[in-house]
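**Q** here is my input; please provide its structure:
(2 chains)
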Amino acid sequence: MSMSAPAAKRVAFPPNWPARIGLIVLAVYVVYAATTLEFTWARFLTGLDQGGRFLSRMFPPDFSADKQSLLTAGMMESLQIAILSTVFGILFAMPLGLAAARNLSPAPLAWFSRGLIALLRTFHPVIVAILFVKAVGFGALAGVLALIVASMGFLSKLLAEAVEEMSMNQVEAVRATGASFLSVVVMAVVPQVMPRFVGFCAYQLDSNLRNSALVGLVGGGGIGATLFTAFQRFDYDFVLTIVLAIIAVVMVGEILSGFVRRLFQ
Amino acid sequence: MIPAGPAGAHVRHWQRFTFTERVMRSLFYIVVLIGIVWSLQSIEIIPEFLYDAPQQTADLFVRMWPIDWGWYPKVVHAALMETLHTATLGTILAVAMATPVALLVARNVTRSVLLNSIGRFILVATRSVHAMIWALFFVAVFGPGALAGTLAIAVHSIGFTGKFLSEAIEEAKPGPIEALKAAGAPPLAVLIKGIWPQVKPAFLALAMFRWDINVRESAVLGLVGGGGLGMALDTALSNLYWDQAGLVLAVIFGIVIVAEIATSWARSRII
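**A** Numbers count the residues shown, from 1 in each chain, chains lettered A, B, ... in the order given. From the prediction side, this is the model:
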């Protein structure tokens, strides 16, 4: 709608050709990709039929006593995995995040730390868990180590960003008193980034709780292991119980972490 | 809170936090400590497995090297394409399914607390169950393959996409919407001409960000039967061909970096 156009020829909403062409290209891609992946209507319909039977085998969820004890044991182990991986993740992420902040650490160290963080973040926790299962064997330890890697990557990246965004005035003021590097960190950096960092840590605990259900699928212990066994034994009613329990725990975790975030705001 | 006044008066006792804040924080620290001690004491670690951990780790890398590049044209290329299609189709499907839910959740579009809560429940429920667990379900329903993986990616992404999309919709300025309503526009026109232009940048950014995440996720879905690179990895691992597993890991590494560069380039170009 150009300003020079005569009033009579103005169209209120002119057609947006680039967007239309984009949509057509997208539609063509969807059809092409769906054909290469062999999505057919017939397959979908048989799936729906199968899905109906699957759902009927899931209901009602199995809450019998022996299943409950399995569920509790798995859930407790998941909770331990989540807590330990978050705690160690935080401990390792603090020095790494500081080292990666370009306004505090020397350039070579900062670039090295950034590369390390990128490496830690590239692989999905499940893949890291597979490698740790090979290294330290099946069980909760492999899960904890895999999630420590994931937590370190996420927390140190966000910590470095928070440190880079903070005000340098306090840092200069503390430095002017002749303070050592550690004092600068404690007196000038921590008070500025603490509320945000606590928020990230609370989020990471949530996410570790969710991911601890994952690492179990590949041998990392916890509720994921229980879930995978239930799937392999076609215990679909117990599967539903486990999934409902995971959703409940994750929701409670989100509420608690929201509370913690407000406490440190 | 940090005192801002002059700090001359020696009779006044400045405190950064209120009494309740201090009590709540101390309680929180105690709970955290108890949690850590409990976890450390009761977590099950089998020490026999730990004795040979260094050898096992060394063995892992020795067996991966040299990487079996010859396997790429045979299996991995097709798996890579499948993973990319899974991630892209999954994202498109997720956006398509998340949009109505986001409209249901946005309080300025749907003025009903009940409908808002239903939408919000859908978002939380889809998000809490991980894509890999959704994949387990869909593999049981549709059989192993990319269809199960795509649906798992799509359903799991609804929560994330819908949450941020509904926030973007709620942030839309009411001015243009009211103007359209005053001109007698039907609801669909209000949606397309009033809300859509305002949320479009957020929408595109969100879709691309989610695609980036989904590339990572879809690379592992095959471990539970969702097709793509994970399937190739699973085959290599169960045959104990670590050089082939190393190839799949290298390909995943490459594609994740390419996806990240592509999305950040697109973000700076389009938005």
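
**Q** so for the one helix or strand A:Val215 maps to, mean pLDDT?
**A** In the assignment (DSSP states H and E), A:Val215 maps to helix A:190-215. The pLDDT scores in helix A:190-215 average 86.

**Q** residues of it that come out buried?
**A** Applying a neighbour-count criterion of 16 or more other C-beta atoms under 10 Å in any protein chain shown, one finds A:192-193, A:196-215 buried in helix A:190-215. C-beta: built from backbone N, CA, C; applies to glycine.

**Q** next, count neighbours for the residue of the stretch 101-250 of chain A found nearest chain B.
**A** Taking C-beta to the nearest C-beta, chain B has its nearest neighbour within the stretch 101-250 of chain A at A:Gly137, 3.1 Å off. As a burial measure, A:Gly137 scores 19 neighbours (other C-beta atoms under 10 Å in any protein chain shown).

**Q** got a list of what it touches?
**A** Contacts for A:Gly137 (C-beta atoms under 8 Å, 6 or more residues apart in numbering or on different chains) come out as B:Ile46, B:Phe49, B:Leu50, B:Ala53, B:Gln56.

**Q** domains for chain B, by residue range?
**A** Chain B breaks down by automatic domain parsing into domains covering B:14-44, B:74-270.

**Q** run the chain-centre distance for the longest one.
**A** Centroid displacement of domain B:74-270 relative to its chain, using C-alpha atoms, centre = their mean, to the nearest Å, is 8 Å.

**Q** average pLDDT for that domain?
**A** 87.

**Q** that one and chain A in contact?
**A** Yes: Domain B:74-270 is in contact with chain A by C-beta under 8 Å from any C-beta of the partner chain, via B:81-82, B:85-86, B:88-89, B:92, B:124-125, B:128-130, B:132-133, B:136-137, B:140-143, B:145-147, B:150, B:193, B:216-217, B:219-220, B:223-224, B:227, B:233, B:237, B:249, B:252-253, B:256-257.

**Q** of the residues you listed, which belong to helices?
**A** B:81-82, B:85-86, B:88-89, B:92, B:124-125, B:128, B:132-133, B:136-137, B:140-142, B:146-147, B:150, B:216-217, B:219-220, B:233, B:237, B:249, B:252-253, B:256-257 (DSSP state H).

**Q** now for A:Ala213: which residues touch it?
**A** Applying C-beta under 8 Å, 6+ apart to A:Ala213 gives the contacts A:Ser78, A:Gly222, A:Ile223, A:Gly224, A:Leu227, A:Ile246, B:His130, B:Ile133.

**Q** what's the answer for B:Gly225, then?
**A** B:Ala135, B:Leu136, B:Val139, B:Pro144, B:Gly145, B:Ala148, B:Met231.

**Q** B:Thr126 now?
**A** Contacts of B:Thr126 by C-beta under 8 Å, 6+ apart are B:Val155, B:His156, B:Ser157, B:Ile158, B:Gly159, B:Gly162.

**Q** any chance of those in TSV, plus neighbour count and secondary structure?
**A** Conversion of the contacts of B:Thr126 to TSV gives the following (neighbours: other C-beta atoms under 10 Å in any protein chain shown; DSSP: H, G, I helix; E, B strand; the rest coil):
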residue	neighbour count	secondary structure
B:Val155	22	helix
B:His156	26	helix
B:Ser157	28	helix
B:Ile158	23	helix
B:Gly159	21	helix
B:Gly162	30	helix
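
**Q** rewinding a little: comparing the domains of chain B, which comes out most buried?
**A** domain B:74-270 (a mean of 20; mean count of other C-beta atoms under 10 Å in any protein chain shown).

**Q** next up, the contacts around A:Asp206.
**A** A:Val250, A:Gly253, A:Glu254, A:Ser257.

**Q** hmm, try it at 6 Å
**A** When contacts are counted by C-beta atoms under 6 Å, 6 or more residues apart in numbering or on different chains, A:Asp206 is found next to A:Gly253, A:Glu254, A:Ser257.

**Q** can you tell me the element the first one falls in?
**A** Meaning A:Gly253. Using DSSP H and E, A:Gly253 falls in helix A:236-263.

**Q** and stretch A:239-254, what's buried?
**A** Across stretch A:239-254, burial judged by 16+ other C-beta under 10 Å covers A:Val239, A:Leu240, A:Thr241, A:Ile242, A:Val243, A:Ala245, A:Ile246, A:Ile247, A:Val249, A:Val250, A:Gly253, A:Glu254.

**Q** off-centre distance for it?
**A** With C-alpha atoms, centre = their mean, you get 16 Å for stretch A:239-254.

**Q** thinking again about what came up before, and the contacts of A:Asp206, which is closest to chain B?
**A** Nearest to chain B out of these is A:Glu254 (C-beta to the nearest C-beta; 7.9 Å).

**Q** and the stretch 101-250 of chain A, which residues reach chain B?
**A** With C-beta under 6 Å from any C-beta of the partner chain as the criterion, the stretch 101-250 of chain A meets chain B at residues A:122, A:124, A:126, A:134-137, A:139-141, A:214, A:231, A:247, A:250.

**Q** next step: those residues restricted to helices.
**A** The helices, defined by DSSP H, take in A:Thr122, A:Val126, A:Lys134, A:Ala135, A:Val136, A:Ala140, A:Leu141, A:Leu214, A:Phe231, A:Ile247, A:Val250 from those.

**Q** redo those as JSON lines? Include distance to A:Thr86.
**A** Output for these, formatted as JSON lines (distance: C-beta to C-beta, whole Å):
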{"residue": "A:Thr122", "distance to A:Thr86": "21"}
{"residue": "A:Val126", "distance to A:Thr86": "18"}
{"residue": "A:Lys134", "distance to A:Thr86": "24"}
{"residue": "A:Ala135", "distance to A:Thr86": "21"}
{"residue": "A:Val136", "distance to A:Thr86": "19"}
{"residue": "A:Ala140", "distance to A:Thr86": "14"}
{"residue": "A:Leu141", "distance to A:Thr86": "15"}
{"residue": "A:Leu214", "distance to A:Thr86": "15"}
{"residue": "A:Phe231", "distance to A:Thr86": "27"}
{"residue": "A:Ile247", "distance to A:Thr86": "20"}
{"residue": "A:Val250", "distance to A:Thr86": "14"}
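
**Q** now do B:Ile192 against B:Ala207, distance only.
**A** Per C-beta to C-beta, to the nearest Å, B:Ile192 is found 18 Å from B:Ala207.

**Q** quick one, what contacts B:Ile45?
**A** For B:Ile45, counting by C-beta under 6 Å, 6+ apart, the contacting residues are A:Leu141.

**Q** follow-up on the earlier one: tabulate the contacts of A:Gly137 in a markdown table, adding columns for neighbour count.
**A** As requested, the contacts of A:Gly137 are exported to a markdown table (neighbours: other C-beta atoms under 10 Å in any protein chain shown):
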| residue | neighbour count |
| --- | --- |
| B:Ile46 | 12 |
| B:Phe49 | 17 |
| B:Leu50 | 14 |
| B:Ala53 | 15 |
| B:Gln56 | 17 |
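
**Q** with adjacent residues omitted, what lies nearest to B:Met81?
**A** Excluding the flanking residues, the one nearest B:Met81 by C-beta to C-beta, 6 or more residues apart in numbering or on different chains is A:Thr36, at 7.4 Å.
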